[in-house]
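Trainee: pasting the sequence and the predicted coordinates here, then a few questions.
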Amino acid sequence: MLGLMQNQPLLISSLIEFAERHHGDAEIVSRRVEGDLHRYTYKDVAYRSRQVARALDGLKLAFSDRVATLAWNGYRHLELYYGVSGSGRVLHTINPRLHPDQIGWIANHAEDQVLCFDLSFLPLVQAVHGKCTTIKHYIALCDADKLPADSGIPNLQSYESWIGAQASDYAWPQFDENTASSMCYTSGTTGHPKAALYSHRSTLLHAYAAALPDVMCLSARDSILPVVPMFHVNAWGIPYSAALTGAKLVFPGPAMDGKSVYELIEAEKVTYAAGVPTVWQMMLGHMKPAGLKFSTLRRTVIGGSACPPAMIAAFNDDYGVEVLHAWGMTEMSPLGTLCTLKNKHLAMPKDEQMKIRLKQGRAIYGVDMKIVGEDGREIAWDGKAYGDLHVKGPWIIAEYFKGEGGNPLVDGWFPTGDVATIDPDGYMQITDRSKDVIKSGGEWISSIDIENIAVAHPAVAMAACIGVKHPKWDERPILAVVKKPGAEVTREELIKFYEGKTAKWQIPDDVVFVDAIPLGATGKMLKTRLREMLKDYKLPGV
Ligand code: AMP
């Protein structure tokens, strides 16, 4: 017997329809490429998204055709999120930090038909458009009078004249909720990137889950600043969850330096912010010397790479802001776990609570996880034994776009490539990417643990730990360090700093000072590149 409830497909268009009807006057504030602040409401987003949908019809784009963006976090990008997916096309957000050759490759692989870009990416589009064989229409996200003359880009139109010519009445089409809605290529370090292809259903389920109290805890009373980019995994789903809850949205545009982000938080009474650790490091670096405080910010979700304990402590103790440590991946839409305490932890002393807060957190309903050993068997949840982390759930990929890489699942589970422990309360802690684990004398050393200690040193801006070959121990850890401007620390002082903080055999054998640690397109440390940089390095005394 089937239930007798209405069978409405879960479609992205329903989110913006809801926000327009029930939170029509909630604000969307965007720092524009031009430098000024733009402000309007969900009612306007809905209106202009319908114009986008009509404009795509006008280009004769078919159902499921791909529309690419090269854009910062801003209101026009948000309109494309809803107009493109809502009308049944697929939004392909491209990471502008990728190499131009890679951008050309993925645009062709995705068979993008349209490319919408912020004017700050004009030189990039000029460099790649010759390589893009499928793109027929180029749209600059600007007013008609800002459209550059002689850009050399064929059929270039301004976004405002493109959508401005359209009526705003449009009935969002109804279709199967499993229809593709958006796509994002993973920034793989080897081979060509592969794309996760999200569906309307996976996106809506993820949006519901992300808003839950023990996940991002979003509400109509929040003012949310996603510093995490809309060009990478849909800004952790915030553009959808914000519409679902009616929260105010504040977009930083291209201004993501510490000073600009801090000023925007204060000016727009932001209560909630989301970003990777490097962004917050820049902001705290700006605030501390100037003695600045937050007046409204209450919570910040930090993920994308491990959040150093020193950062959690600084936010909490110096600024009264709760850090929610999160873990996920492109293949997971992206949220997998979030770290919030359980009732029984509330009475614990602060330092005990801190040990829990450092972990990547508990699985969200909708994500199941397990750790497995080399033999594929599940490993106990004792918080000590580590293994390969596998996940499954309705917003985790079943396969990559165009079947690239074959079947990525093992017995129905997606192997994440991360190595983790899970404690008896279900808190997962990443110890490493499987390829970054350091094996010394048969024991594993967590490079994340070693890096976390280093960045707690006041003179260290950034640190990366890698293993180097050793004749006796197989591998030994060394630390690459970037010093804070004007700060001094010696190799010996840093090695001494480890004493008492970790087991003796885990202390790095050497410290190498570098000007910068190579970062990938999503701001994560590129250890493959670092290993190449240090390929002629020899351990002292070996
Ligand atoms: P991406 O698909 O580019 O978002 O990268 C996903 C990978 O980033 C994960 O598989 C992890 O290796 C890493 N990652 C994400 N969040 C965290 C976190 N909180 N702590 C440690 N690593 C993380």
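Mentor: Sure thing, it's come through. Numbering: from 1, shown residues only.
Trainee: quick one, what contacts the residue of the stretch 1-150 of the chain found nearest the ligand?
Mentor: Closest approach between the stretch 1-150 of the chain and the ligand, counting by CB to the nearest ligand atom: residue 95, at 9.3 Å. Every C-beta, even on glycine, is put in place using the N, C-alpha and C of the backbone. Taking CB atoms under 8 Å, 6 or more residues apart in numbering, we find residue 95 in contact with 185, 187, 229, 231-232, 521-522.
Trainee: what's the local residue count around residue 479?
Mentor: Neighbours of residue 479 under the rule other CB atoms under 10 Å: 25.
Trainee: SS state for it?
Mentor: strand (DSSP: H, G, I helix; E, B strand; the rest coil).
Trainee: returning to what we had before: and the residue of the stretch 1-150 of the chain closest to the ligand, that one's in a strand?
Mentor: No: going by three-state DSSP, the assignment for residue 95 is coil, not a strand.
Trainee: could you measure from it over to residue 101?
Mentor: The gap separating residue 95 from residue 101 is 13 Å, by CB to CB, to the nearest Å.
Trainee: and if you look at residue 263?
Mentor: When residue 263 is compared with residue 101 (using CB to CB), they lie 36 Å apart.
Trainee: between those two, who's got more neighbours?
Mentor: Relative neighbour count places residue 263 above the other of residue 263 and residue 101, with 15 against 11, counting by other CB under 10 Å.
Trainee: can I get the one helix or strand that one maps to in PDB? Just the C-alpha atoms.
Mentor: Of the helices and strands defined by DSSP states H and E, residue 263 is found in helix 258-267. Extracted C-alpha coordinates of helix 258-267, given in PDB (Å, rounded to 0.1, in the frame of the first residue of the first chain):
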ATOM      1  CA  GLY A 258      41.000  39.900   6.400                       C
ATOM      2  CA  LYS A 259      40.100  43.600   6.600                       C
ATOM      3  CA  SER A 260      37.300  43.600   4.000                       C
ATOM      4  CA  VAL A 261      35.800  40.400   5.500                       C
ATOM      5  CA  TYR A 262      35.900  41.900   9.000                       C
ATOM      6  CA  GLU A 263      34.300  45.200   7.900                       C
ATOM      7  CA  LEU A 264      31.500  43.400   6.100                       C
ATOM      8  CA  ILE A 265      30.800  41.200   9.100                       C
ATOM      9  CA  GLU A 266      30.400  44.300  11.300                       C
ATOM     10  CA  ALA A 267      28.500  46.500   8.800                       C
END
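Trainee: for this structure, what lies in contact range of the ligand?
Mentor: Selection of the chain residues close to the ligand by CB under 6 Å from any ligand atom yields 186-187, 233, 303-306, 325-327, 329-330, 334, 360, 416-418, 430, 433, 522.
Trainee: mind pulling up the pLDDT for the nearest residue to residue 379 once chain neighbours are set aside?
Mentor: What sits nearest to residue 379 in space, not counting adjacent residues and going by CB to CB, 6 or more residues apart in numbering, is residue 387, at 4.2 Å. Looking at residue 387, its pLDDT is 94.
Trainee: just residue 190 next, same as before
Mentor: According to the prediction, residue 190 has pLDDT 56.
Trainee: what's in contact with the helix holding residue 263?
Mentor: In contact with helix 258-267 (CB under 8 Å, 6+ apart) are residues 31, 225, 227, 250, 252, 255, 270, 273, 279, 282-287, 292, 294-297.
Trainee: contacts only, for residue 39.
Mentor: 27-30 are the contacts of residue 39 under CB under 8 Å, 6+ apart.
Trainee: now do residue 327
Mentor: Contacts of residue 327 by CB under 8 Å, 6+ apart are 303, 336-338, 360-361, 418, 428, 430.
Trainee: how about 7 Å then?
Mentor: 303, 336-337, 360-361, 430 (CB atoms under 7 Å, 6 or more residues apart in numbering).
Trainee: now do residue 299
Mentor: Contacts of residue 299 by CB under 7 Å, 6+ apart are 217, 272, 321-322, 324.
Trainee: before we move on, what about residue 365?
Mentor: Counting by CB under 7 Å, 6+ apart, residue 365 has contacts residue 209.
Trainee: now do the SS call for it.
Mentor: Per three-state DSSP, residue 365 ends up coil.
Trainee: can you give me the pLDDT of it?
Mentor: 97.
Trainee: if we can go back for a sec, show residues contacting the following helix or strand past the helix holding residue 263.
Mentor: Per DSSP H and E, helix 258-267 leads on to strand 272-275 as the next helix or strand towards the C-terminus. Under the contact criterion CB under 7 Å, 6+ apart, strand 272-275 has outside partners 218, 222, 224-228, 236, 238, 265, 297-302.
Trainee: pairing partners for strand 272-275, with directions?
Mentor: In the sheet, strand 272-275 lines up against strand 223-226 (parallel), strand 299-302 (parallel) (DSSP bridges).
Trainee: for the nearest residue to residue 516 once chain neighbours are set aside, list the residues it contacts.
Mentor: Nearest in space to residue 516, with sequence neighbours left out and distances taken as CB to CB, 6+ apart, is residue 482 at 6.1 Å. Applying CB under 7 Å, 6+ apart, we find residue 482 in contact with 461-462, 514-517.
Trainee: for those residues, could you give me TSV that also reports secondary structure, pLDDT and neighbour count?
Mentor: What follows is the contacts of residue 482, written out as TSV (DSSP: H, G, I helix; E, B strand; the rest coil; pLDDT from 0 to 100; neighbours: other CB atoms under 10 Å):
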residue	secondary structure	pLDDT	neighbour count
461	strand	91	17
462	strand	92	21
514	coil	93	16
515	coil	92	6
516	coil	92	10
517	coil	92	18
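Trainee: and of those, the nearest to residue 447?
Mentor: residue 517 (12.4 Å; CB to CB).
Trainee: got any ranges where the protein has weak pLDDT?
Mentor: Within the chain, the stretches with pLDDT under 70 are 187-191.
Trainee: that older thread, angles on the backbone of the residue of the stretch 1-150 of the chain closest to the ligand, please.
Mentor: When quoted as degrees, to the nearest 10, the phi and psi of residue 95 stand at phi -80, psi 110.
Trainee: cool, and residue 504?
Mentor: Per degrees, to the nearest 10, the backbone of residue 504 is at phi -50, psi -40.
Trainee: distance from the longest helix seen in the chain to the middle of the chain?
Mentor: For the chain, the longest helix by residue count, based on DSSP state H, is helix 42-58. Relative to its chain's centre, helix 42-58 lies at 26 Å (CA atoms, centre = their mean, to the nearest Å).
Trainee: who's in contact with it?
Mentor: Contacts for helix 42-58 (CB under 7 Å, 6+ apart): 16-17, 19-20, 23-26, 28, 67, 75, 78-80, 82-84, 86-87, 89, 162-163, 166-168, 170, 243.
Trainee: buried residues of it, list them for me.
Mentor: Within helix 42-58, the residues that count as buried by 16 or more other CB atoms under 10 Å are 42, 44-56.
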